[in-house]
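Engineer: Got a predicted structure plus its sequence, pasted below:
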There are 2 protein chains.
Amino acid sequence: MQSDTDYMNKALQQAEIAAENGEVPVGALLITADGEEFVSGNAPITTDDASAHAEMRVIREACQALGNYRLTGSTLYVTLEPCLMCAGAIVHARISRVVYAASDPKTGAVESLYQILSDERLNHQAEITSGVLADESSKLLKSFFRSRRNKRKNS
Amino acid sequence: MQSDTDYMNKALQQAEIAAENGEVPVGALLITADGEEFVSGNAPITTDDASAHAEMRVIREACQALGNYRLTGSTLYVTLEPCLMCAGAIVHARISRVVYAASDPKTGAVESLYQILSDERLNHQAEITSGVLADESSKLLKSFFRSRRNKRKNS
């Protein structure tokens, strides 16, 4: 059986691919109740879609593969704390557990800025694990933003 | 020039189509900075996609038609107060103005349960107008849920 770290490593690979495409490096892996795995990377710029965060893409892909708009019993791994949009989609999809790597103090909606997945006024809550490979994810993000700033300076 | 009521009427037509498809009747219209119109209805069940709310679908469609993941200067009309997911997407897409019909006390994320589009900690805020054709939208929603309850009772 694979560990949270194993799955998060696969999500990090997707984040690296996103960075190569010029996207903010965030990657996600969703494992369904039946053990089926789906992976995706952040892609709003390359797909011309404001909603194309890694989590949204992997949720959509899994929903369509399963022919179900709910993913009850599934676990979502993501390299950065989900934003409001993605946390909202996690609630709609009834994802049971969310594991994320780095925190996002500015827009994180799971534990930082908002605590959407623990809000008992909503009709679904998810189990949360954070900090898995957080350093690796932070390094990748910092390196991406540093390189982008340097490119802008030199252009 | 068309009024907010004219645009909301078009969004309501999309909500009616959604109801005919067995979806919760919510409809949206987005008008871009250049005056181009896009319409869509709520469709998570029929498209097997937890994220397929009317707002998300119209945002995605407009982004792709414009070849841009931002929709600066656009106005979104929607027949029900946007949820967290949709409010998050509105922020990401930099939509300038949101006009909605009925409030959603249980999950509304614009003025009811959360006030996402006015949160100055986020990097975008939208102008908000609410209550346009609210009664018409509420009637459609109530009639849909009443009919669904009756179907369940009789099945």
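Structural biologist: Cool, the structure landed.

Engineer: A:Met56: neighbouring residues, count only.
Structural biologist: Neighbours of A:Met56 under the rule other Cβ atoms under 10 Å in any protein chain shown: 33. C-beta coordinates here come from the backbone N, C-alpha and C atoms, glycine included.

Engineer: Then it would be within a helix, right?
Structural biologist: Yes. The assignment for A:Met56 (DSSP: H, G, I helix; E, B strand; the rest coil) places it in a helix.

Engineer: The longest helix belonging to chain A: which residues count as buried?
Structural biologist: For chain A, the helix with the greatest residue count under DSSP state H is helix A:134-154. Buried residues in helix A:134-154, counted by 16 or more other Cβ atoms under 10 Å in any protein chain shown: A:Ala134, A:Glu136, A:Ser137, A:Leu140, A:Leu141, A:Phe144.

Engineer: distance between the helix or strand where A:Ser40 lies and the chain's centre?
Structural biologist: If you go by DSSP states H and E, A:Ser40 is part of strand A:37-41. With Cα atoms, centre = their mean, to the nearest Å as the basis, strand A:37-41 stands 10 Å off its chain's centre.

Engineer: and if you look at stretch A:140-155?
Structural biologist: From the chain centre to the centre of stretch A:140-155 is a distance of 22 Å (Cα atoms, centre = their mean).

Engineer: can you put the buried residues of helix A:134-154 in a markdown table and add pLDDT?
Structural biologist: Shown next, in a markdown table, are those (pLDDT from 0 to 100):
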| residue | pLDDT |
| --- | --- |
| A:Ala134 | 98 |
| A:Glu136 | 98 |
| A:Ser137 | 98 |
| A:Leu140 | 98 |
| A:Leu141 | 98 |
| A:Phe144 | 96 |
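
Engineer: okay, these in TSV with distance to A:Ala33 next?
Structural biologist: Shown next, in TSV, are these (distance: Cβ to Cβ, whole Å):
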residue	distance to A:Ala33
A:Ala134	27
A:Glu136	28
A:Ser137	26
A:Leu140	30
A:Leu141	31
A:Phe144	33
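
Engineer: JSON lines for the residues you listed, including distance to chain B?
Structural biologist: Below are these laid out as JSON lines (distance: Cβ to the nearest Cβ, whole Å):
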{"residue": "A:Ala134", "distance to chain B": "22"}
{"residue": "A:Glu136", "distance to chain B": "25"}
{"residue": "A:Ser137", "distance to chain B": "20"}
{"residue": "A:Leu140", "distance to chain B": "21"}
{"residue": "A:Leu141", "distance to chain B": "17"}
{"residue": "A:Phe144", "distance to chain B": "17"}
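
Engineer: Could I get the full set of helices for chain A?
Structural biologist: Using DSSP H, the helices found in chain A span residues A:4-20, A:54-66, A:84-93, A:134-154.

Engineer: For B:Asp104, which of those helices is the nearest?
Structural biologist: Distance to B:Asp104, taken as Cβ to Cβ, is lowest for helix A:84-93 among those, at 12.8 Å.

Engineer: Next, the buried residues of the closest one.
Structural biologist: Quick answer for helix A:84-93 (16+ other Cβ under 10 Å): A:Leu84, A:Met85, A:Cys86, A:Ala87, A:Gly88, A:Ala89, A:Ile90, A:Val91, A:His92, A:Ala93.
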